[in-house]
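Colleague: Task: produce atomic coordinates for the following.
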Amino acid sequence: MSEPQGTEAGTRPLPVVEKPAGPALDGSASAADHDPPTAAEGPDGREGRFWSVRRVPAGIVALLLLLGAGVFLYDTVAVRAHRPAMHWRRALAHQLAHRPLDDIWVLIGAGVATVLGLWLIALAVTPGLRSLLPMRRSHPDIRAGLQRAAAAQVLRDRAMEVSGVRSVRVRMRRRKADVRAVSHFRELDEVRADLDLTLAEGVRGLGLSRPPTLSVRVARPGRKG
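Modeller: Have a look, this model is predicted:
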């Protein structure tokens, strides 16, 4: 019996799927060795801060305006109904008519009204949510933020991995991270250099839109007694 030549009837060769050429990965390669996808950012490469809803200040202002409007409306209706105006409104009108503008109480009232007005303007034009740090966008329709406390905890954990570091205190701000470390062995310059490298990598790993600048200080533990 001779072996069949070629393909048998009714059979077809399987399709071949070619993979695009790329860097070969072996078992020892880690994900950190390859470039991550580029994040989609804003026009200037940075994301703005999150705007606070400010429900409490808005609720207080709305409540005060509602009460004031209700009182003035009631007094106006009472005057239209040929009833005397409220005592406090007559007393206020009398005081405003007879007190000079340089009177101390007039100045105090004007100062309080000015401070309240400036406070409301500041609330209207500032975003708020200072404890929430904006992160880089990986998708145009998704925004993410990181709490300052969480970012400080991540940097603290990374700093504790450095050899010679005994304790670390991290204070996270909007544009600066203050790191205070205590080293109980190794040279301080070596510990400082390792901390700079480790914390710089940690800041990049946070994925913040505006990476904060690092301020690192290393000291020896104080003597007891």
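Colleague: I'd like to know the average pLDDT value across the one helix or strand A152 maps to.
Modeller: For A152, the enclosing helix or strand under DSSP states H and E is helix 148-160. Mean pLDDT, helix 148-160: 94.
Colleague: State the three-state secondary structure for the nearest residue to S215 once chain neighbours are set aside.
Modeller: In space, and not counting its chain neighbours, S215 is closest to D178: 4.9 Å by C-beta to C-beta, 6 or more residues apart in numbering. All C-beta atoms are positioned from the backbone trio N, CA, C, and that covers glycine. At D178 the chain is in strand, as set by DSSP: H, G, I helix; E, B strand; the rest coil.
Colleague: Tally up the residues packed near L129, please.
Modeller: Number of residues near L129 (other C-beta atoms under 10 Å) recorded here: 15.
Colleague: pretty sure it contacts R49?
Modeller: Yes - contact criterion C-beta atoms under 8 Å: L129 and R49 qualify, at 6.5 Å.
Colleague: Residue ranges of each domain in this protein, please.
Modeller: Per automatic domain parsing, the domain ranges recorded for the chain read 55-125, 144-219.
Colleague: JSON lines please, covering those domains and showing distance to P134 and mean neighbour count.
Modeller: Formatted as JSON lines, the domains of the chain follow (distance: least, C-beta to C-beta, whole Å; neighbours: other C-beta atoms under 10 Å):
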{"stretch": "domain 55-125", "distance to P134": "18", "mean neighbour count": "10"}
{"stretch": "domain 144-219", "distance to P134": "5", "mean neighbour count": "16"}
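Colleague: Check those for me: which has the lowest mean pLDDT.
Modeller: domain 55-125 has the lowest average pLDDT among the domains of the chain, namely a mean of 87.
Colleague: Can you verify R171 is assigned to a strand?
Modeller: Yes - applying three-state DSSP, one finds R171 inside a strand.
Colleague: List the residues that contact it.
Modeller: 152, 177-178, 180 (C-beta atoms under 8 Å, 6 or more residues apart in numbering).
Colleague: out of those, which one sits closest to L65?
Modeller: Distance ranking of the contacts of R171 against L65, using C-beta to C-beta, places A152 first at 39.8 Å.
Colleague: Now the element after the lengthiest helix in the chain, going C-ward?
Modeller: Taking DSSP state H as the criterion, the chain has its longest helix at helix 55-80. Going down the chain from helix 55-80, the next helix or strand is helix 87-98, by DSSP H and E.
Colleague: and T198, helix, strand or coil?
Modeller: helix.
Colleague: Am I right that it is in contact with A159?
Modeller: Yes - counting by C-beta under 8 Å, T198 does reach A159; the two are 6.5 Å apart.
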